[in-house]
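Trainee: any chance you can model this:
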Amino acid sequence: MTEELAWTRPVHPSHVRSIAVNGRSVLTDSEGYLVDRAEWSEDFARALAAHEGIALTDEHWQVIAFIRDHLKRKGRHPSVRQMIKHFRLAWGPEKGEGAYLFALFERGGGPQKLGNRLAGAPRMPSEG
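Mentor: As a prediction, this is how the structure comes out:
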């Protein structure tokens with residue numbers, strides 16, 4: 001079964017917040033997932049990362065690109081296992097481990113949760 005990856009999703013008004021991106025407000029839900037995925041940009045990812053207290057490195061950007069590409073090609077979120085497999089090949093065995101990926105995204109729920117938010121992906125179906 002393929003999960004539905006809607007471009008917009010209903011959010012209760014009390015759960016909406018905004019992030020300033022280049023002088024304009026971009027709406028997110030209370031956890032930072034975009035209300036309208038078409039609003040995603042690299043500047044949005046930078047602004048959300050700054051809000052989360054993270055300085056994006058080249059490795060963060062590689063994970064963001066992997067998530068976005070996987071969503072585009074497969075129509076679903078990549079699993080952490082798929083991320084580990086991919087980055088073990090890309091970065092080598094020391095960095096291509098789950099612990100390293102989780103350390104990169106430690107301030108926001110790991111590579112799947114914070115990585116998805118930074119990539120402009122929707123919530124995982126299990127998140128509601």
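
Trainee: for F87, see how far away the residue nearest the centre of the chain is.
Mentor: Geometric centre of the chain, nearest residue: N116, 2.0 Å, by Cα atoms, centre = their mean. N116 sits 16 Å away from F87, going by Cβ to Cβ, to the nearest Å. C-beta: built from backbone N, CA, C; applies to glycine.

Trainee: equivalent analysis for G109, please.
Mentor: G109 is 18 Å from F87, by Cβ to Cβ.

Trainee: ok, the two, which is more surrounded?
Mentor: F87 (22 against 16; other Cβ atoms under 10 Å).

Trainee: test for you: state the pLDDT assigned to that one.
Mentor: F87 carries a pLDDT value of 94.

Trainee: so which bits of the longest helix along the chain are buried?
Mentor: Secondary structure assigned by DSSP state H gives helix 58-74 as the longest helix of the chain. Within helix 58-74, the residues scored as buried using 16 or more other Cβ atoms under 10 Å are H60, V63, I64, F66, I67, R68, H70, L71.

Trainee: contact partners for the first one?
Mentor: What that stands for is H60. Residues near H60 by Cβ atoms under 8 Å, 6 or more residues apart in numbering: A49, I54, L104, F105, L118.

Trainee: then the fifth one?
Mentor: Contacts for I67 (Cβ under 8 Å, 6+ apart) come out as H77, P78, G115, N116, A119, A121.
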